[in-house]
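# Mind looking at a prediction? Sequence and model below.
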Amino acid sequence: MGPGVVSGAADNDPAGVVTYIQVGATTGVGLLWLLLLSTPMLYYLEEMSTRLGVVTKRGIGHVLRKRYGRGVAAAVIGPLVLSNIVTIGADLIGTATAVQLLTGIGWEWWIVPLAVLLAAALIFASYQTISRFLLVLTPLVALYIITGLIVRPHWDTVLRATFIPAVRFTPTYLTAALGLLGATLTPYMFFWQATEEVEARRKVEDLADENLDVAAGMVYANLVFYFIILVASVVFYGKGVSVQTLNDAARALRPLAGDGAALLFGLGVLVSGILSVPVMAACTAYSLAEFFGWVEGLDKKVRRARGFYLIIAGALGTGAAIGLLRISPVTLMYWSQIINGFLLPPLFFTLVRLGNDRLVLGTHTNGVLSNVVGWGAVLLTLALAILTLRQIIGGH
C-alpha cells in the first residue's frame with residue numbers, strides 16, 4: 001500500500017467534507033448511489049495516472065509539455081494551480097477550525113502555524129519520511145466511518161438509496177450532485193498519483209501491485225465520503241439545521257449524536273487537513289516545476305531544487321493569506337469547485353488520450369473497459385462544467 005491509498009485519503013479534504021455535509025443535510029441519503037458511479041471513474045482514471053508515472057518515469061506535467069507542447073500544458077496546469085491554492089486556503093481554515101474544536105483557541109491563531117509546520121515538513125523531511133507519515137495518517141480518516149456507525153442510521157433506507165437511484169430534477173438535488181462529483185473527482189489527485197509513482201521508483205513489473213493500491217485507495221475515498229453524507233443525513237436532514245461551516249456541523253452533532261461523535265468528527269477533519277494540504281502544495285510544485293523543466297522531487301535536497309521548494313512555500317503562504325482574509329470557507333470551496341468543474345473535462349480528455357498514446361506508453365495503453373469508463377467520465381464532467389456555467393450565468 002502506498003501512493004494510491006494516500007491519494008484516496010487525501011481526496012476527502014476539509015473543503016470536500018463541508019461539501020459532503022451540505023449534500024447530506026440538503027438531500028439526505030438521496031445521492032448515496034453516486035458511490036457506484038464515482039468509484040469506477042476514480043479507479044480507472046487514477047490507474048491511467050499510475051501507468052503514466054510508472055511507464056514514462058515522469059509526472060503528467062512533464063509528459064503534457066513534451067507530447068503536446070507548452071500551450072496545452074499551460075491550459076491544464078494553470079487552472080489546476082489556481083484551484084489548488086484556493087482550496088489550500090479553504091482547507092487551512094477547515095483544519096484550523098478542527099484545532100479550535102479540540103482546543104477552544106480561535107481558528108485564526110492556527111492558520112499560520114499550520115502552514116509553517118507543513119511547509120517545514122515538506123521542505124526539510126525526506127520523501128520516505130513524508131510518505132510514511134502520510135500513510136500512517138491514512139487509517140485515521142476512518143474516524144468518519146466510525147462516526148457514521150455511532151449515529152445509527154436506518155440501514156434498510158440507506159441500502160435502498162445506495163442501490164436504487166431516485167433521481168430528482170430539482171435545483172437542490174442537482175446542485176448537490178454537482179458539488180459531490182466536483183469534490184470527489186479532484187484534479188490534484190491524478191497529478192499527485194503519477195509523480196509519487198516516479199518518486200517511489202516503481203517499475204513496470206510493479207503495475208499489478210500498484211493497481212491494487214489504487215483500487216484500495218479509491219474504494220476507501222468513496223467509503224469515507226459515503227459515511228460523511230450518511231452522518232449529515234441522519235443528524236441534519238429535515239431537522240432545520242443550517243450547516244455552513246465545520247463549526248456548525250460540530251455544534252449540531254453534539255446534542256444530536258453526543259460528545260463522542262463531535263470529537264471524532266473534529267479529529268477526522270484535522271487528519272484530513274494534515275493529509276490533503278501537503279498533497280495539494282506538493283502537487284502544485286510538481287506541476288509547475290515539470291512545466292518549467294526545473295529539478296523537482298521531495299527526495300531532492302533544497303539546494304538542488306530551490307524553485308520546487310519555493311513553490312511549495314509560496315503555495316502554502318498564499319493559501320494562509322487567503323485563509324486570513326476571512327473569506328467564508330464555503331465561498332472559497334464554491335469557487336475552487338467551479339475551477340475544478342472547468343478543469344475536469346480537458347484533464348480527463350487529456351488523460352484518456354495519453355492512456356491510448358503508443359508513443360507515450362508503448363504496449364501499456366488503455367484496455368476497452370478503461371476507455372469506456374474514461375470517455376464516460378469526460379462526457380459526465382463536461383455536463384458538470386456546463387451545469388456550473390449555467391449556475392454562474394444564472395447568478396446562483
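In hand now; what should we look at? Numbering: from 1, shown residues only.

# Next one: residue 203 from residue 57, what distance?
According to C-beta to C-beta, to the nearest Å, residue 203 stands 9 Å off from residue 57. (C-beta placed from N, C-alpha, C; glycine too.)

# In terms of neighbours, single out the busier of these two.
More crowded of residue 203 and residue 57, by other C-beta atoms under 10 Å: residue 57, with 14 against 11.

# so who does that one touch?
By C-beta atoms under 8 Å, 6 or more residues apart in numbering, the contact set of residue 57 is residue 198.

# what does residue 232 give?
Contacts of residue 232 were listed using C-beta under 8 Å, 6+ apart, and they are 20-25, 243, 249.

# roughly how far apart are residue 313 and residue 345?
The value you get for residue 313 to residue 345, if C-beta to C-beta is used, is 32 Å.

# tell me the strands in this structure, going along the chain?
Here the chain has no strands by DSSP state E.

# Which of the helices and strands in it ranks last by mean pLDDT?
The helix or strand of the chain with the lowest confidence, counting by mean pLDDT, DSSP states H and E, is helix 246-257 at a mean of 66.

# low-scoring stretches of the stretch 201-350 of the chain, by residue?
Applying pLDDT under 70 to the stretch 201-350 of the chain picks out residues 241-246, 250, 252-262, 329-330, 334, 337.

# for it, what spans make up the helices?
Under the criterion DSSP state H, counting those that start in this stretch, helices of the stretch 201-350 of the chain are mapped to 207-235, 246-257, 259-292, 306-324, 329-355.

# Residue 223 and residue 145 touch, don't they?
Yes - using C-beta atoms under 8 Å, residue 223 makes contact with residue 145 at a distance of 6.5 Å.

# Neighbours of the closest residue to residue 19 other than its chain neighbours, how many?
Distances taken as C-beta to C-beta, 6 or more residues apart in numbering place residue 183 nearest to residue 19, at 4.1 Å, with adjacent residues excluded. Applying other C-beta under 10 Å, we find 25 residues neighbouring residue 183.

# Distance check, residue 183 against residue 154.
From residue 183 across to residue 154, the span is 25 Å (C-beta to C-beta).

# and the residue found closest to residue 112 once you drop the neighbours it is linked to in the chain, what is it in contact with?
Among residues not flanking residue 112 along the chain, residue 320 sits closest, at 5.6 Å (C-beta to C-beta, 6+ apart). Applying C-beta under 8 Å, 6+ apart, we find residue 320 in contact with 89, 92, 111-112, 114-115.

# Could you rerun that using 10 Å?
88-89, 92-93, 96, 111-116, 118-119 (C-beta atoms under 10 Å, 6 or more residues apart in numbering).

# who wins for neighbours among the residues you listed?
For the contacts of residue 320, counting by other C-beta under 10 Å, the largest number of neighbours falls to residue 93: 34 neighbours.

# Would you agree that one is in contact with residue 115?
No - between residue 93 and residue 115 there is no contact under C-beta atoms under 10 Å: 11.2 Å.

# Need the residues touching each of the two.
Both residue 93 and residue 115 are contacted by 319-320, 323-324, under the criterion C-beta under 10 Å, 6+ apart.

# From residue 102, how far off is residue 318?
Separation of residue 318 from residue 102 (C-beta to C-beta): 26 Å.

# Contact partners for residue 361?
With contacts defined as C-beta under 10 Å, 6+ apart, residue 361 is in contact with 48, 51-52, 54-56, 63, 354-355.

# Those residues in helices, which ones?
48, 51-52, 54-56, 63, 354-355 (DSSP state H).

# Which single one of these is nearest to residue 195?
Residue 195 lies nearest to residue 52 out of those, by C-beta to C-beta, at 10.0 Å.

# Report pLDDT for the residue nearest to that closest one when sequence neighbours are not counted.
Excluding the flanking residues, the one nearest residue 52 by C-beta to C-beta, 6+ apart is residue 194, at 5.1 Å. pLDDT recorded at residue 194 is 90.

# still on that earlier bit, most neighbours, which of the shared contacts of residue 93 and residue 115?
Using other C-beta under 10 Å as the neighbour criterion, residue 319 leads the shared contacts of residue 93 and residue 115 with 29 neighbours.

# which residues touch the nearest residue to residue 319 once chain neighbours are set aside?
With sequence-adjacent residues excluded and distances taken as C-beta to C-beta, 6+ apart, residue 319 is closest to residue 88, at 3.1 Å. If you count contacts by C-beta under 10 Å, 6+ apart, residue 88 has them with 13, 15, 115, 118, 188, 273, 276-278, 280-281, 284, 315-320, 322-323, 332, 336.

# Cheers, nothing more for now.
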